[in-house]
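Trainee: give the three-dimensional model of this entry:
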Amino acid sequence: KQDKSDKNSNTQKQQEQNWKLTLSGAAQIAKAQGKLPAGLDRMIQEILQPKLPWREILSRFITENAKNDYTWTQPNKRYLYSGLYLPSLKTATLGTISVIIDTSGSVSQKELDTFASELQSILHIYPGTEIQVVYVDTKVAATETIDIYDFKLHAKGGGGTDFKPGFEYIEKETIQPSCVIYFTDGWCSSFPKEPDYPTLWVSTDRANFKPPFGESIYMEQRE
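Mentor: This is a model prediction of the structure:
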């Protein structure tokens, strides 16, 4: 039997969906007639397709790419009562992740500090993670390996922007990252071929930044 609260919740969700469909239809008609101001159009799109905070997306991306390490020496107590002997989760690890920093001059130290602080807080639940940092403008300006306890990023380099050198460095050095996070202002169109590891682009200046591969998020400073 369906719980009354569940039934009310389902009804509310259905009403919300119907309302969104009505809003979407009305917006399309008004837009076709040239009667929908750009500001109102953006507001409606945010309602219909709400954007998750960049911090939440960053956390989810890292979590999805963690490698789960299971052990049979400590069986999963959740299933023992039913006679199932299953392994329990020992730890979740990331191994090595690569962070590529665009140092063309448009990314500020304040933005780097905000990004570094958030990334460090997420990585604390993955002990032993090695962070390979690559600073890039039109070439690799510097590299360093840091851990979650000594996490400081510095703007090194300057000049133009090219997205290829960072990925080429990873390939040349035979680094096998569990994922790559590229921190950039987004103002460049020189991309490499798609790599075989997950890539997250964090843009500080372009909300509509759409790279040809990977996932992208816009780091809004007002958050």
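
Trainee: below-threshold pLDDT in this protein: ranges please.
Mentor: 1-10, 13-14, 16-33, 35-36, 38-52, 67-92, 156-157, 221-223 (pLDDT under 70).

Trainee: where along it do the helices fall?
Mentor: 4-32, 38-48, 54-64, 77-80, 109-123, 164-172 (DSSP state H).

Trainee: show me what the last one is packed up against.
Mentor: Going back to what we said before, that points to helix 164-172. Counting contacts by 3 or more Cβ pairs under 8 Å, 6 or more residues apart in numbering; DSSP states H and E, helix 164-172 packs against strand 96-102, strand 130-136, strand 140-147, strand 179-184. Quick note: C-beta positions are derived from backbone N, CA and C, even for glycine.

Trainee: same list (these) but as JSON lines, adding mean neighbour count.
Mentor: Below are those laid out as JSON lines (neighbours: other Cβ atoms under 10 Å):
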{"stretch": "strand 96-102", "mean neighbour count": "24"}
{"stretch": "strand 130-136", "mean neighbour count": "21"}
{"stretch": "strand 140-147", "mean neighbour count": "15"}
{"stretch": "strand 179-184", "mean neighbour count": "23"}
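
Trainee: of all the ones you listed, which one is nearest Glu118?
Mentor: strand 179-184 (10.9 Å; Cβ to Cβ).

Trainee: packing partners of that closest one?
Mentor: helix 54-64, strand 96-102, helix 109-123, helix 164-172, strand 199-203.

Trainee: if we use 10 Å, what do you get?
Mentor: Under the contact criterion of 3 or more Cβ pairs under 10 Å, 6 or more residues apart in numbering; DSSP states H and E, strand 179-184 touches helix 54-64, strand 96-102, helix 109-123, strand 130-136, helix 164-172, strand 199-203, strand 215-218.
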